[in-house]
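Visitor: Need the 3D shape of this:
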Amino acid sequence: QVTLVESGGGLVQAGGSLRLSCTASGRTVGVYAMAWFRQRPGEDRDLVAAIGWSPPNTYYSDSVKGRFTISRTDTKYTVHLQMSRLELEDTAVYFCAAGPLNIERWPNQYKYWGQGTRVAVSS
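Guide: Model prediction:
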């Protein structure tokens, strides 16, 4: 079993930055790809960024490419999402996910989920 705990959400002005963190526990968590999804009210949960285990390849959605950076600690148990130049459209609940051995794009391919952390971007 893997448990994911997110932190770092909050309220920020447009153009600002936030860093989200996700700490995983569980014996096999280090072998999984990990990802950040986000969900706006009334919308589906969408992949924002993901990082593989070995090699640590990365994926970014077009909407965040060049503004967000995903990284993983050497132990592979913590994943960060550095969010810069935040836009109003980035407002959402952000979820950490783990589970597939390789990066996958769809939520149903991830076995484990955090509880979500809210990010609100104001004008």
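Visitor: chain center to stretch 95-108: distance?
Guide: Distance of stretch 95-108 from its chain centroid, counting by Cα atoms, centre = their mean, to the nearest Å, is 10 Å.
Visitor: What's the end-to-end length of it?
Guide: Distance across stretch 95-108, first residue to last, is 13 Å (Cα to Cα, to the nearest Å).
Visitor: buried ones in that stretch?
Guide: 95-100, 103-104, 107 (16 or more other Cβ atoms under 10 Å). C-beta here means a position set from N, CA and C on the backbone, and glycine is covered the same way.
Visitor: closest to Asp44 among those?
Guide: Comparing the buried residues of stretch 95-108 against Asp44 with Cβ to Cβ places Pro107 closest, at 8.0 Å.
Visitor: So the closest one versus Ser17, what's the distance?
Guide: Distance check for Pro107 against Ser17: by Cβ to Cβ, to the nearest Å, it reads 26 Å.
Visitor: would a markdown table of the buried residues of stretch 95-108 with distance to Leu47, secondary structure and pLDDT be doable?
Guide: What follows is the buried residues of stretch 95-108, written out as a markdown table (distance: Cβ to Cβ, whole Å; DSSP: H, G, I helix; E, B strand; the rest coil; pLDDT from 0 to 100):
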| residue | distance to Leu47 | secondary structure | pLDDT |
| --- | --- | --- | --- |
| Phe95 | 10 | strand | 98 |
| Cys96 | 12 | strand | 97 |
| Ala97 | 9 | strand | 95 |
| Ala98 | 13 | strand | 92 |
| Gly99 | 13 | coil | 85 |
| Pro100 | 12 | coil | 87 |
| Ile103 | 9 | coil | 92 |
| Glu104 | 8 | coil | 92 |
| Pro107 | 8 | helix | 96 |
